[in-house]
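Asker: Next come a sequence and a model predicted from it.
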Amino acid sequence: MNPCFHTLLHAGLVLRPWQVQDAESFVQAAHESTATVGQWMDWCTPAFSQQNALDWFAQCRDKAARFQAYEVGVFSADDGRLLGGAALNHIDHD
């Protein structure tokens, strides 16, 4: 986990970096969203796999470690269910 981004808990939501155990629910969400998200995100296809999710999580960790982007999952504080994702990216350090 990146020391630059800690888990945030507020108003029933948990925002935290993606973890290996999130891959299955991430893939399920991607598959459910191919007709909508897939229109503007070319990775969101029925072929998106658990390995694709794990590769994405690794990219997220790498970008966070280099202070380039912070990609996190948004989860229900009640039951841990994946609700979506959020990001701070295209950071201009100047």
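Answerer: Received the coordinates, thanks.
Asker: can we go C-alpha only for contacts and neighbour counts from here?
Answerer: Noted.
Asker: Could you list the residues in contact with the worst-scoring helix or strand of the chain on mean pLDDT?
Answerer: Of the helices and strands making up the chain, the lowest-confidence element is strand 8-10, at a mean of 91, by mean pLDDT, DSSP states H and E. Residues outside strand 8-10 that contact it (CA atoms under 8 Å, 6 or more residues apart in numbering) are V14, L15, R16, A77.
Asker: low-confidence ranges in this protein?
Answerer: 1-5 (pLDDT under 70).
Asker: which stretches of it form helices?
Answerer: With DSSP state H as the definition, the chain shows helices at residue ranges 23-32, 50-65.
Asker: in the shortest one, what counts as buried?
Answerer: By neighbour count on 16 or more other CA atoms under 10 Å, the buried set for helix 23-32 is A23, F26, V27, A30, H31.
Asker: Repeat that for stretch 79-94.
Answerer: Residues of stretch 79-94 classed as buried: L82 (neighbour count, 16+ other CA under 10 Å).
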